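Asker: Sequence plus the predicted model coming up.
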Amino acid sequence: MHNKKLLNFVYLIILSFVISLPIQAGGLLSDLGFGDDEKILTVEEAYIFSAEVEGPNQLQLLWQIAEGTYLFQEKVDIQLIKADGVTLGKFDPPKPYIKENALRVDGTYGDTAIYTGELDIRIPLERTNTAPTEITLEVKFQGCSEVAGICYPPRKEQVTLSLPAATMATLTAAPTPPAQPVAEQDQLTSILAGGDTWLIVSVFFALGLGLAFTPCVFPMIPILSGIIAGQGEKITPAKGFTLSLIYVLAMSVTYTVLGVLAGMFGGNLQAAFQNPWILGSFAALFIFLALSMFGLYNLQLPNSLQSRLTEASNRQQGGTYVGVIIMGFLSALIVGPCVAPPLAAALIYIGQTGDGMLGGISLFALSLGMGAPLIVIGTSAGKLLPRAGAWMDAVKGVFGVGLLAVAIIMLERMVPPAIAMALWGTLLIVSAIYMGALRHLPIEATGWERLWKGAGVVLLVYGSLMLVGAAAGGKDTIQPLRGVTLVSGGTGQQQQHNPFQRIKSVDDLDREIASATSRNKPVMLDFYADWCVSCKELERYTFSDPKVAQVLSDFVLLQSDVTDWDETDIALIQGRFGLPGPPGIVFYGRDGVERQNHRVIGFMAADAFAAHVQQAIQ
């Protein structure tokens, strides 16, 4: 009997040791000189807590949470232990992040509500007197270190704060802070954190459908159309569907793999393939394919290889499918330079959790959504395209022009705006001549022939304006004469946005924020790159809008050009803000505190942006 009790006692000791082992192992191995060489942060270093008085009726509590650590939502407790006629009002803390298989204080693992990065809580105060007074706030919290594999002991902070005098108006209407908006990418990140696979697939597929009608995806239409048209009289709806599906799947797989790798290794999906040699090579390939559409040559294998592949080609069109896969791969690189909230959310989630599987599912669903309209276009083209004859040659010519346009789109990421305008102007003028803009129509010409020539004349005029704008130093391919000096001596009215001040490093940013705070001015920081398509859309359509310029007139406007994507750029955009790449817009209030819930990822139209800015600084 005694032996049995002793045995049970030994089992209990062993079980207690096993349960506590995950908590103690990190510190024990570190003390013995094993394991990670990084210094384990103290609880004071892991969680930097501060409390400030924002007015007679409101407090701000802020936790700066070190990278690799987190706070438990349930362990955050706020109490007033000394107050004269002051009580805490009702407040709603930010929504936590549900971390799967998180280390808990009892040594177990499971889904846990946590905070990472920064926790900002605004608390209204209810007062029954108007005199200046002091209050003592007691705040308790606890968290764990993911890196070291340990949990910190509970921490208790007592802070004495001096409240200014209040008026009767503020007493009768104690301020209740409005519900803070949640940035779109943060909402999507929370959907990913929920782990509901079907919800993730549905949401990201729907978002991909929305992105399918943005300028980033438009260049893929002439690529796919050129593939379909290149089949000539062999094309059928079934064949068009098959080619389109293979093209979209190849694009989706490439886009997903690149996104997962970028998220896991802290890379940038945009900058990865923006090397001038790579862009130039792809542009040359599209030009090569376009010229074949004009009948200058035929793309085919040598006769010796054709004879060996004829039978297999007739059965499976394997060579065609391989070419479509290659074009799908290249198309993923065209879509890559456009960062939108769904892409940013997936990359941030992968980077924070290392869950490449769930992040990859979201990226794959997103890219399938972007490609769904292309499948419809490819399938319908198989039914609508003429089988042979002069019309087929005209259709091929149109798609050839489209492929040349794709080549220019890739080149304008690395050439000056004037050269890009000259290329567009040349393409439009040559296309206009091809359409018969300078050719006399006979009296018996059909209505279609007259419409075709009329469209050519429009392209001829617009292309000529492009060349004039390029020669005069213009930079806008949509409005080529913006800012161009007129012959009569006047000056064109160019809508300019408020000037930005360029910064490069984290130190530059901190210096400018401190300067703006001392002058009681809010700050807007814009991340820009020459290869960022959405950045140029913001410059052209949003920042130049009069309403936006008026709203931003009191701001200190900063811009970080991350085109080079060097270590300093990465330290600022990813190290400081955790953004995957440009475009990204960050706002700071007059108090020098970032309004994190008001970050903007991707393009936003002028009216929506003006309203967003006003909300951010309220």
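Answerer: That came through fine.
Asker: Give the bridge partners for the residue lying closest to residue 523 once chain neighbours are set aside, please.
Answerer: Leaving aside its sequence neighbours, residue 523 sits nearest to residue 588 (C-beta to C-beta, 6 or more residues apart in numbering; 3.9 Å). For every residue, glycine as well, the C-beta is placed using N, CA and C. Here residue 588 sits in beta bridges with residue 523, residue 594, going by DSSP bridges.
Asker: surely residue 588 meets residue 515?
Answerer: No. If you go by C-beta atoms under 8 Å, residue 588 and residue 515 don't touch, sitting 11.6 Å apart.
Asker: Those two: who's more crowded?
Answerer: With neighbours defined as other C-beta atoms under 10 Å, residue 588 and residue 515 compare such that residue 588 has more, 24 against 13.
Asker: Tell me which residues touch that one, please.
Answerer: 513, 516, 522-525, 594-595 (C-beta atoms under 8 Å, 6 or more residues apart in numbering).
Asker: Just the pLDDT at it, thanks.
Answerer: We have a pLDDT of 92 for residue 588.
Asker: where does the stretch 251-400 of the chain have low pLDDT?
Answerer: Within the stretch 251-400 of the chain, the stretches with pLDDT under 70 are 265-276, 278, 293, 295-320, 333-340, 351-352, 381-396.
Asker: out of the contacts of residue 588, who's nearest residue 138?
Answerer: Nearest to residue 138 among those is residue 594, at 27.0 Å by C-beta to C-beta.
Asker: Hmm, residue 587 and the closest one touching each other?
Answerer: Yes. Residue 594 is within contact range of residue 587, at 7.0 Å (criterion: C-beta under 8 Å).
Asker: ok, the two, which is more surrounded?
Answerer: When residue 594 and residue 587 are compared for neighbours, residue 587 comes out ahead with 22 against 18, by other C-beta under 10 Å.
Asker: Tell me, domain by domain, which residues of the chain belong where.
Answerer: Using automatic domain parsing, the domain parsing of the chain gives 1-37, 43-179, 188-272+280-382, 501-617.
Asker: okay if I get the ones you listed as TSV plus distance to residue 404?
Answerer: TSV is the format used below for the domains of the chain (distance: least, C-beta to C-beta, whole Å):
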stretch	distance to residue 404
domain 1-37	54
domain 43-179	46
domain 188-272+280-382	5
domain 501-617	18
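Asker: Where among the ones you listed is average confidence lowest?
Answerer: Averaging pLDDT over each of those puts domain 1-37 lowest, since it has a mean of 44.
Asker: looking at it, residue 52 is touching residue 60, isn't it?
Answerer: Yes. Contact criterion C-beta under 8 Å: residue 52 and residue 60 qualify, at 4.9 Å.
Asker: State the distance from residue 149 to residue 109.
Answerer: According to C-beta to C-beta, to the nearest Å, residue 149 stands 11 Å off from residue 109.
Asker: So between those two, which is more surrounded?
Answerer: Higher neighbour count among residue 149 and residue 109: residue 149, with 19 against 12, using other C-beta under 10 Å.
Asker: my read: that one touches residue 107, true?
Answerer: No. Using C-beta under 8 Å, residue 149 makes no contact with residue 107, being 10.3 Å away.
Asker: Find the nearest non-adjacent residue to residue 225, please.
Answerer: residue 399 (4.9 Å).
Asker: next one: residue 617
Answerer: Excluding its sequence neighbours, the residue lying closest to residue 617 (C-beta to C-beta, 6+ apart) is residue 522, at 4.9 Å.
Asker: if I've got this straight, residue 144 is in a strand?
Answerer: Yes. Counting by DSSP: H, G, I helix; E, B strand; the rest coil, residue 144 is part of a strand.
Asker: which ones are touching it?
Answerer: If you count contacts by C-beta under 8 Å, 6+ apart, residue 144 has them with 69-70, 72, 102-105, 150-152.
Asker: cutoff 10 Å now
Answerer: 23, 46, 68-72, 102-105, 112, 114, 150-152 (C-beta atoms under 10 Å, 6 or more residues apart in numbering).
Asker: Same check on residue 193?
Answerer: Going by C-beta under 10 Å, 6+ apart, residue 193 touches 96-100, 111, 349, 352-353, 355, 358.
Asker: hmm, try it at 6 Å
Answerer: Neighbouring residues of residue 193 by C-beta atoms under 6 Å, 6 or more residues apart in numbering: 97-98.
Asker: residue boundaries of the strands in the stretch 151-300 of the chain?
Answerer: Counting by DSSP state E, counting those that start in this stretch, the stretch 151-300 of the chain has strands at residues 155-163.
Asker: which stretches of it form helices?
Answerer: Along the stretch 151-300 of the chain, the segments classed as helices by DSSP state H, counting those that start in this stretch run 168-172, 184-194, 197-211, 220-229, 237-265, 276-293.
Asker: do you know which of these lies nearest residue 553?
Answerer: Closest approach to residue 553 among those is made by helix 184-194 (26.2 Å; C-beta to C-beta).
Asker: quick revisit: of the contacts of residue 144, buried ones?
Answerer: When the contacts of residue 144 are checked for burial by 16 or more other C-beta atoms under 10 Å, the buried set is 23, 46, 69-72, 102-103, 105, 112, 114, 150-152.
Asker: ok so residue 441 is a strand residue?
Answerer: No. Counting by three-state DSSP, residue 441 is located in no strand; its state is coil.
Asker: And it, how close does it get to residue 463?
Answerer: Residue 441 is 20 Å from residue 463, by C-beta to C-beta.
Asker: Correct me if wrong: the residue nearest to residue 617 contacts residue 590.
Answerer: Yes. The criterion here is C-beta atoms under 6 Å, and residue 522 meets it with residue 590 at 5.4 Å.
Asker: Those two - which one has more neighbours?
Answerer: Between residue 522 and residue 590, residue 522 has the larger neighbour count (other C-beta under 10 Å), namely 20 against 14.
Asker: list the contacts for the more buried one?
Answerer: Contact analysis of residue 522 by C-beta under 6 Å, 6+ apart lists 555, 589-590, 617.
Asker: Residue 418 now?
Answerer: Each residue near residue 418 by C-beta under 6 Å, 6+ apart is listed here: residue 470.
Asker: What's the first helix or strand after the helix or strand encompassing it?
Answerer: Using DSSP states H and E, residue 418 falls within helix 417-434. Going down the chain from helix 417-434, the next helix or strand is helix 447-471, by DSSP H and E.
Asker: Go through that following helix and flag the buried ones.
Answerer: Applying 16+ other C-beta under 10 Å to helix 447-471 flags 452-453, 456, 459-460, 463, 465-467, 469-470 as buried.
Asker: again, but for stretch 604-613
Answerer: In terms of neighbour count (16+ other C-beta under 10 Å), stretch 604-613 has its buried residues at 604, 606, 609-610, 612-613.
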